[in-house]
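Peer 1: sequence and computational prediction follow.
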Amino acid sequence: MRKTVTSDRHARKAQELVASAASSSTESLRRSHEAVEALGRIEAGTYGTCRSCSGRISVVRLRAKPEATRCIQCQLEFEHGRAA
Ligand SMILES: [Zn+2]
């Protein structure tokens, strides 16, 4: 698969998350797990795609939360218990 400059940047960000999650607190372990999942999605070519509506997750959202799996609208619906 041919990688774009953008996905390479996201891959680096995810790798930084993995590297920064080296301490043993529950929060960093959780973030480490999410970062590993994000790396898997980059390799699968689905990184940046909303798991609920299959739409694109905005670059601004990914920059703030690189491990995001839903677009902001679906995330809000998920947090309010209206979407799977
Ligand atoms: Zn969505």
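Peer 2: It's in.

Peer 1: please count neighbours and contacts with C-alpha atoms only from this point.
Peer 2: OK.

Peer 1: do a quick rundown of the helices in the chain.
Peer 2: In the chain, the helices defined using DSSP state H lie at 5-20, 26-44, 59-64, 72-79.

Peer 1: now the ones you listed in JSON lines, with mean neighbour count, mean pLDDT and distance to R51?
Peer 2: Putting these into JSON lines (neighbours: other C-alpha atoms under 10 Å; pLDDT from 0 to 100; distance: least, C-alpha to C-alpha, whole Å) gives the following:
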{"stretch": "helix 5-20", "mean neighbour count": "16", "mean pLDDT": "76", "distance to R51": "17"}
{"stretch": "helix 26-44", "mean neighbour count": "17", "mean pLDDT": "87", "distance to R51": "11"}
{"stretch": "helix 59-64", "mean neighbour count": "13", "mean pLDDT": "92", "distance to R51": "14"}
{"stretch": "helix 72-79", "mean neighbour count": "14", "mean pLDDT": "94", "distance to R51": "9"}
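
Peer 1: of all those, which one comes closest to the ion?
Peer 2: Across those, the ion has its closest neighbour in helix 72-79 (4.4 Å, C-alpha to the ion).

Peer 1: can you tell if that closest one touches the ion?
Peer 2: Yes. Helix 72-79 comes into contact with the ion (C-alpha under 5 Å from the ion), by way of C74.
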